[in-house]
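Peer 1: Give me a model of this one.
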Amino acid sequence: MAKNGKKKSSGSGFIWGLLLGMITGAILAILFAPQTGEETREQLSEQSIELRRRGLEGYQQLAAQLRERYGDAFAQGREAYARTKDEVLSRYNKAKNAE
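Peer 2: Predicted coordinates:
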C-alpha cells in the first residue's frame, strides 16, 4: 500500500486491455479489408507472429510484477514475524522476571 492509503496501480489491467484492443482491431481490419483470401492469409500469418511477440512481452511483464509483489509480501511477512516474535519474547521475559 502507498503511504496515502491507496493501493498502487500495477498497470497489468491496462496491458491486458491494450492487448485485447489490438487483437480486436486486427481482426476487424482483416475482416473488412478489400483484398484476396491469399493476401488475407499472408497478413494473418504476419500479424500472428507480431501478436505472439506482444503477448509474450505482456506475459513477461506480468510475471515480473507478480514476482515483485511476491517478494514484497514475503519481506513484509518476515518483518511482521520478527516484530511479533520480539514482542512475545519481551513479554515472556517480563512475566518471567516478575515472578
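Peer 1: Spatially central residue for this protein, please.
Peer 2: Ranked by distance to the mean C-alpha position of the chain (C-alpha atoms, centre = their mean), the top residue is L62 at 3.4 Å.
Peer 1: can you give me the helices in this protein?
Peer 2: Using DSSP state H, the helices of the chain run over 12-32, 37-98.
Peer 1: can you put those helices in TSV and add mean pLDDT?
Peer 2: Shown next, in TSV, are the helices of the chain (pLDDT from 0 to 100):
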stretch	mean pLDDT
helix 12-32	84
helix 37-98	89
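Peer 1: so L62 sits right up against F14, yeah?
Peer 2: No. Contact status for L62 versus F14: not in contact, 11.3 Å apart, counting by C-beta atoms under 8 Å. C-beta coordinates here come from the backbone N, C-alpha and C atoms, glycine included.
Peer 1: ok, back up a step: please name the nearest non-neighbouring residue to the residue nearest to the centre of the chain.
Peer 2: In space, and not counting its chain neighbours, L62 is closest to S12: 5.3 Å by C-beta to C-beta, 6 or more residues apart in numbering.
Peer 1: For that neighbour, grab the count of nearby residues.
Peer 2: 13 (other C-beta atoms under 10 Å).
Peer 1: check contacts around it.
Peer 2: Q61, L62, Q65 (C-beta atoms under 8 Å, 6 or more residues apart in numbering).
Peer 1: for Q43, same thing?
Peer 2: Q43 neighbours (C-beta under 8 Å, 6+ apart): I30, A33, Q35.
Peer 1: again, only this time at 7 Å
Peer 2: By C-beta atoms under 7 Å, 6 or more residues apart in numbering, Q43 lies in contact with I30.
Peer 1: From R67, how far off is it?
Peer 2: Distance, Q43 to R67, using C-beta to C-beta, to the nearest Å: 36 Å.
Peer 1: likewise G77?
Peer 2: Applying C-beta to C-beta to G77 and R67 gives a distance of 16 Å.
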